[in-house]
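J.: Next comes the sequence, and after it the predicted model I'd like to discuss.
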Amino acid sequence: MTPLHRYDGATLTLVVNPRAGRGRAAKLLPQVCRELLKGMPGAALRVHQTSDFAEARQRCIMAAENARPAHDGVPADALLVMGGDGMMTLGVNACADTEVPLGLIPAGTGNDMCRGLGIRVFNPVQAAHWVISGRTRRVDTLRIEGALAGGAEVRSVGTVVATGYAAMVNRRANHSKWPIGGLRYAVAALAELAKFEPLTYHLTIDGRQRVVPAMFVAVANAPYFGGGMKIAPTADVTDGLIDVTIAHPVSRNTLLRLLPTMFSGRFVNDPAVERLTATEVIVDGPGVYGMGDGEELGDAPLRISVAPRSLTVFGGEIETPAADEGEAAAEA
């Protein structure tokens with residue numbers, strides 16, 4: 001991590017989804033701003049409360065493009081995002097492959113991005129202190145190439161690219177209005193379980209081709225997806241590697257038994273689960289659809305490669321297994 005410094009003369013742009021966390025973001029925004037201004041009195045704070053995803057995306061892009069690098073003793077301008085994982089991934093895409101520091105202030109219901117980056121304080125006011133500390137580190141991201149949703153050809157992902165059953169659960173949860181909060185993933189998992197059949201995957205893993213039937217394939221930079229499910233328990237955002245989790249076909253009863261253990265990561269001990277690491281994975285196959293950071297990527301094929309140390313983030317630390325198991329048990 002970089003040493004503690006002041007932010008005299010720098011500009012902080014805070015882009016907020018006020019609806020995140022059922023309005024929790026809007027409620028806590030004044031407190032977050034007070035903490036930032038009190039802790040960083042020399043910085044200029046610009047706040048944008050956005051009305052929709054498109055506006056939030058544009059605000060993030062503009063903030064990153066207009067950010068001034070460090071100069072004459074003045075620290076670099078920074079982008080801060082406050083909301084759920086949708087806001088977090090907008091920040092990642094704006095700042096990846098740049099020197100612009102990104103501050104993540106979680107105020108949603110899933111917060112998988114912050115979990116995966118070791119920013120394990122889910123009170124937005126407390127999370128602001130990661131930014132106030134001035135400490136940053138470089139982390140990896142995933143570079144996704146393909147005919148992506150929204151017409152894009154390239155996107156960055158900070159956590160997990162999910163396909164198969166895992167992606168369908170994520171997609172259903174995104175489009176569900178009930179139940180509120182993290183329980184949507186559990187309800188979506190049961191609903192998809194009733195109809196899902198294994199897919200035939202065409203995988204190219206560091207140049208080696210494989211054709212495998214699977215319930216899902218998750219390509220991960222960080223451990224978490226789906227509101228705290230630990231789909232890649234040993235993923236590390238600083239190791240320059242992709243973690244691949246392949247769930248080979250199992251009965252519905254077996255999958256139902258494994259679902260609760262995904263929150264602790266113990267499901268990977270089942271013989272049907274295969275894990276490996278790589279630097280590039282091409283995911284293809286009929287009916288394969290991708291979700292990245294909880295947002296739609298689109299139909300396969302998807303080329304996924306690791307971009308080592310491509311993103312600067314405020315704060316974060318490596319989790320300890322004991323602490324994580326306790327949190328996972330509480331969340332489950």
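T.: Received it, and whenever you're ready, just let me know what you need.

J.: what about the nearest residue to residue 107 once chain neighbours are set aside, distance to residue 83?
T.: Nearest in space to residue 107, with sequence neighbours left out and distances taken as Cβ to Cβ, 6 or more residues apart in numbering, is residue 25 at 3.8 Å. Quick note: C-beta positions are derived from backbone N, CA and C, even for glycine. When Cβ to Cβ, to the nearest Å is applied, the distance between residue 25 and residue 83 equals 5 Å.

J.: Mutual contacts of the two, please.
T.: 16-17, 107-108 (Cβ atoms under 8 Å, 6 or more residues apart in numbering).

J.: among these, who's most crowded?
T.: By neighbour count, taken as other Cβ atoms under 10 Å, the most surrounded of the shared contacts of residue 25 and residue 83 turns out to be residue 107 (30 neighbours).

J.: Now intersect the shared contacts of residue 25 and residue 83 with the strands, please.
T.: Applying DSSP state E to the shared contacts of residue 25 and residue 83, the entries found in strands are residue 16.

J.: min pLDDT across the shared contacts of residue 25 and residue 83, which one?
T.: When the shared contacts of residue 25 and residue 83 are compared on pLDDT, residue 108 comes out least confident, at 83.

J.: who are the neighbours in contact with that one?
T.: With Cβ under 8 Å, 6+ apart as the criterion, the residues that contact residue 108 are 20-21, 25, 83-87.

J.: Which two of the residues you listed have the greatest separation?
T.: 25 and 85 (12.7 Å; Cβ to Cβ).

J.: for this structure, which helix is longest?
T.: Counting residues, the longest helix in the chain under DSSP state H turns out to be helix 20-39.

J.: So which other helices or strands are in contact with that helix?
T.: Other elements packing on helix 20-39 under the criterion 3 or more Cβ pairs under 8 Å, 6 or more residues apart in numbering; DSSP states H and E are strand 11-16, strand 44-49, strand 78-83, helix 124-132.

J.: Sort out which residues of that helix are buried, please.
T.: Along helix 20-39, these residues count as buried under the neighbour rule (16 or more other Cβ atoms under 10 Å): 20-21, 24-26, 28-29, 32-33, 35-36, 39.

J.: Any chance of JSON lines for those, columns distance to residue 200?
T.: Formatted as JSON lines, the entries for the buried residues of helix 20-39 read as follows, by distance: Cβ to Cβ, whole Å:
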{"residue": "20", "distance to residue 200": "38"}
{"residue": "21", "distance to residue 200": "39"}
{"residue": "24", "distance to residue 200": "42"}
{"residue": "25", "distance to residue 200": "41"}
{"residue": "26", "distance to residue 200": "45"}
{"residue": "28", "distance to residue 200": "46"}
{"residue": "29", "distance to residue 200": "47"}
{"residue": "32", "distance to residue 200": "47"}
{"residue": "33", "distance to residue 200": "51"}
{"residue": "35", "distance to residue 200": "51"}
{"residue": "36", "distance to residue 200": "50"}
{"residue": "39", "distance to residue 200": "53"}
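
J.: looking at the protein, which helix or strand is least sure?
T.: Counting by mean pLDDT, DSSP states H and E, the weakest-scoring helix or strand in the chain turns out to be helix 321-331, with a mean of 36.

J.: The stretch 151-300 of the chain: helices as residue ranges?
T.: In the stretch 151-300 of the chain, helices defined by DSSP state H, counting those that start in this stretch lie at 165-174, 183-193, 252-258, listed in chain order.

J.: quick one: which of the ones you listed is nearest residue 299?
T.: The closest of the helices of the stretch 151-300 of the chain to residue 299 is helix 165-174. By Cβ to Cβ, the value is 10.8 Å.

J.: in terms of contact count, name the helices or strands touching that closest one.
T.: Using 3+ Cβ pairs under 8 Å, 6+ apart, helix 165-174 sits against helix 183-193, strand 216-220, strand 289-292, strand 295-299.

J.: Same list (these) but as CSV, adding mean neighbour count, mean pLDDT and distance to residue 268.
T.: Compiled in CSV, the helices and strands packed on helix 165-174 are given as follows (neighbours: other Cβ atoms under 10 Å; pLDDT from 0 to 100; distance: least, Cβ to Cβ, whole Å):
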stretch, mean neighbour count, mean pLDDT, distance to residue 268
helix 183-193, 18, 73, 17
strand 216-220, 27, 97, 11
strand 289-292, 26, 95, 20
strand 295-299, 19, 94, 23
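
J.: Let's have the ones you listed in CSV, adding distance to residue 11.
T.: Conversion of those to CSV gives the following (distance: least, Cβ to Cβ, whole Å):
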stretch, distance to residue 11
helix 183-193, 37
strand 216-220, 34
strand 289-292, 29
strand 295-299, 27
